[in-house]
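Trainee: got a sequence here, can you build the structure:
(2 chains)
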2 protein chains.
Amino acid sequence: MADEFVLYGYFRSSAAFRARIALNLKGIKPELRFIHLLKDGGQQHTPDYKALNPQELIPALVHDGHTITQSLAIIEYLDEIVPEPPLLPRDALGRERVREIAYAIACDIHPVNNLRVNQYLKRVFHADGAAQIAWQRHWIATGFAALETMLARSGVRGAYCYGDTPTLADICLIPQMANARRVELDLAPYPTLRRIEETALGLPAFDAALPKNQPDAE
Amino acid sequence: MADEFVLYGYFRSSAAFRARIALNLKGIKPELRFIHLLKDGGQQHTPDYKALNPQELIPALVHDGHTITQSLAIIEYLDEIVPEPPLLPRDALGRERVREIAYAIACDIHPVNNLRVNQYLKRVFHADGAAQIAWQRHWIATGFAALETMLARSGVRGAYCYGDTPTLADICLIPQMANARRVELDLAPYPTLRRIEETALGLPAFDAALPKNQPDAE
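Mentor: Next up is the predicted model:
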């Protein structure tokens, strides 16, 4: 591999946050390009970026000329081309458990709260700032309640969502926790999630990926 | 493997539809249990089902006593324990392309249109039936426009989303097409998607998984 990586991201995007964690864990330092989701009517909607990603969403990772979109596809891809350290367990049932947690966040919480959904709520249903915050808290709380049960009852104990090393599940959880804190969701009901967050943020790969530690942070 | 499979589903759920297609493609005939999403205030919310799946969503697949939730996790798991026919390409970039399409549907279209989201729109924003249909059409049209571009420009030509055999991408696309038809979205702008749908529905594995062909269909 010539191994040239370019990451298109935005400091506050939790999908870009996931990609940053995975790249850090794999020891890959991509060239960074910044797509401001609010400036210029949303730089993700410019013709240049739309040509790169027709979904007009971030992140996008370019690897040796191949454009890769969708944060989970990026992470599975990185895990296949750079196997160490593994981001998924070796056994089928373990891999299933990790993906189950990842999708419970990446499918059922995150997209429902995405910027464009909030913009639609405002435009069509006249949802004000407080209504948008209530919306976001509702879906995070619904998802976190299920996750807390899933993790607390899991047969696999460990420092992370699955065992004692970070996986795809933690890569999805930590950015979602950051979003929860941004809308000031009460995190008291989720002791397992908070414990895992504290552990993960002790790792440089997670800490360096935090929104506040990005060059485009405001 | 003792290979006892039990699928908890609902005829109209497109996530359950995905699981049915994958099971059919792998030649697995699970015992079927039906969770009616509207009766009894939603049977997915009963204590018994919530004990099985804390997310209170369908589908759930039980394999030899292990409960597996999240349709994409179910499909990746089935593909690992029953490798033939493969539902993902053999190479990392091919797998990435297929997952990218699958997630563009399973993350960015489907969950935003899910029943519980529409119920919130009605309860909090007083969205009537027409406003809910408009919401669903908007997110499907947004996603399909991107998918049409992604598939039409793909370097990989073939009868399906990726090549000449069905993959995880088609397993996500066909149920989403069914949802699009249910809300009477104009599908004229998506000739590639329609062509793939027609091809896939020619396969018994897809046809038998259609909502109208389920024992609990109304």
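Trainee: CA atoms only for the top helix by length along chain A, dumped as PDB, please.
Mentor: The residue-count maximum for a helix in chain A (DSSP state H) belongs to helix A:129-152. This file holds the C-alpha atoms of helix A:129-152, laid out as PDB (Å, rounded to 0.1, in the frame of the first residue of the first chain):
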ATOM      1  CA  GLY A 129     -34.000  25.100  20.200                       C
ATOM      2  CA  ALA A 130     -35.600  23.600  23.400                       C
ATOM      3  CA  ALA A 131     -37.800  21.200  21.300                       C
ATOM      4  CA  GLN A 132     -34.700  20.100  19.400                       C
ATOM      5  CA  ILE A 133     -32.800  19.500  22.600                       C
ATOM      6  CA  ALA A 134     -35.700  17.500  24.000                       C
ATOM      7  CA  TRP A 135     -35.900  15.500  20.800                       C
ATOM      8  CA  GLN A 136     -32.100  14.600  21.100                       C
ATOM      9  CA  ARG A 137     -32.300  13.800  24.800                       C
ATOM     10  CA  HIS A 138     -35.300  11.500  24.100                       C
ATOM     11  CA  TRP A 139     -33.500   9.300  21.600                       C
ATOM     12  CA  ILE A 140     -30.200   9.200  23.500                       C
ATOM     13  CA  ALA A 141     -32.000   8.300  26.700                       C
ATOM     14  CA  THR A 142     -34.100   5.600  25.000                       C
ATOM     15  CA  GLY A 143     -31.000   4.100  23.400                       C
ATOM     16  CA  PHE A 144     -28.800   4.400  26.500                       C
ATOM     17  CA  ALA A 145     -31.400   2.700  28.700                       C
ATOM     18  CA  ALA A 146     -31.300  -0.300  26.400                       C
ATOM     19  CA  LEU A 147     -27.500  -0.200  26.200                       C
ATOM     20  CA  GLU A 148     -27.000   0.000  29.900                       C
ATOM     21  CA  THR A 149     -29.200  -3.200  30.200                       C
ATOM     22  CA  MET A 150     -27.400  -4.900  27.300                       C
ATOM     23  CA  LEU A 151     -23.900  -4.200  28.800                       C
ATOM     24  CA  ALA A 152     -24.700  -4.700  32.400                       C
END
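Trainee: show me which residues of that helix are buried.
Mentor: Buried residues in helix A:129-152, defined by neighbour count with 16 or more other Cβ atoms under 10 Å in any protein chain shown: A:131-133, A:135-144, A:146-151. C-beta here means a position set from N, CA and C on the backbone, and glycine is covered the same way.
Trainee: same thing with stretch A:106-115?
Mentor: In stretch A:106-115, counting by 16+ other Cβ under 10 Å, buried: A:106, A:107, A:108, A:109, A:110, A:111, A:112, A:113, A:114.
Trainee: now swap in stretch A:75-85 and tell me
Mentor: For stretch A:75-85, by 16+ other Cβ under 10 Å, it's A:75, A:76, A:77, A:78, A:79, A:82.
Trainee: just the mean pLDDT for that stretch, thanks.
Mentor: The pLDDT scores in stretch A:75-85 average 98.
Trainee: any chance you could map the strands in chain A?
Mentor: Along chain A, the segments classed as strands by DSSP state E run A:5-9, A:31-34, A:60-63, A:66-69.
Trainee: for chain B, which of the ones you listed is the nearest?
Mentor: Relative to chain B, the nearest member of these by Cβ to the nearest Cβ is strand A:66-69, separated by 5.6 Å.
Trainee: helices and strands around that closest one, which ones?
Mentor: strand A:60-63, helix B:92-106 (3 or more Cβ pairs under 8 Å, 6 or more residues apart in numbering or on different chains; DSSP states H and E).
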